[in-house]
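Student: Fold the following and give me the result.
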Amino acid sequence: MYAIISDGSHQYKVEEGQIFEVQRKELPDDTELIEFDRILFVGGLDGGPKIGQPVVNGATVTAKVLGEIKGDKLVIRKFRRRKGYELKKGHRQRYLRVKVEKIAV
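Tutor: Residues are numbered from 1 along each chain as shown. Model (predicted):
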């Protein structure tokens, strides 16, 4: 069974046991589980797929929080020729790594 979830402005296709990264969000320190309730599609069911209008009613995906990670480094360069202007900045996006525990319909 798999589901397509919406979190923030991103959509993810997830299966039970899958590890993936979502945009970082502020969570209390003792939080071990996070629940996604915006489920757009659930497939792999015996009775056929369930398609949301816009979300599937009563469907949830429960995931275990594994920790916070940093993405790849992006280098931003600005340059004006013949003006002596050069600027270099770096950025690393932070993500929240989660593992899908259960998909409930």
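Student: Can you read off the backbone torsions of residue 26?
Tutor: Backbone geometry at residue 26, expressed as degrees, to the nearest 10, gives phi -80, psi 120.
Student: Going forward, the N-terminal residue is numbered 21.
Tutor: Understood, numbering begins at 21; the last thing we discussed is residue 46.
Student: and residue 47, how many neighbours?
Tutor: As a burial measure, residue 47 scores 12 neighbours (other C-beta atoms under 10 Å). Yep, even glycine has a C-beta here, placed from its N, CA and C like the rest.
Student: in stretch 86-103, what's buried?
Tutor: The neighbour-count check on stretch 86-103 (16 or more other C-beta atoms under 10 Å) flags nothing as buried.
Student: Return the alpha-carbon coordinates of that stretch using PDB.
Tutor: Extracted C-alpha coordinates of stretch 86-103, given in PDB (Å, rounded to 0.1, in the frame of the first residue of the first chain):
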ATOM      1  CA  LEU A  86      14.500  10.200  13.000                       C
ATOM      2  CA  GLY A  87      16.200  13.600  13.300                       C
ATOM      3  CA  GLU A  88      17.200  16.800  11.600                       C
ATOM      4  CA  ILE A  89      19.600  16.800   8.700                       C
ATOM      5  CA  LYS A  90      21.200  19.400   6.400                       C
ATOM      6  CA  GLY A  91      20.900  19.300   2.600                       C
ATOM      7  CA  ASP A  92      23.600  19.900   0.000                       C
ATOM      8  CA  LYS A  93      25.400  23.200   0.000                       C
ATOM      9  CA  LEU A  94      24.300  25.700  -2.500                       C
ATOM     10  CA  VAL A  95      26.700  28.400  -3.600                       C
ATOM     11  CA  ILE A  96      25.300  31.700  -4.700                       C
ATOM     12  CA  ARG A  97      27.600  34.000  -6.700                       C
ATOM     13  CA  LYS A  98      27.000  37.500  -7.800                       C
ATOM     14  CA  PHE A  99      29.400  39.200 -10.200                       C
ATOM     15  CA  ARG A 100      29.500  42.500 -12.100                       C
ATOM     16  CA  ARG A 101      32.200  42.600 -14.700                       C
ATOM     17  CA  ARG A 102      34.700  45.400 -14.700                       C
ATOM     18  CA  LYS A 103      33.200  46.900 -11.500                       C
END
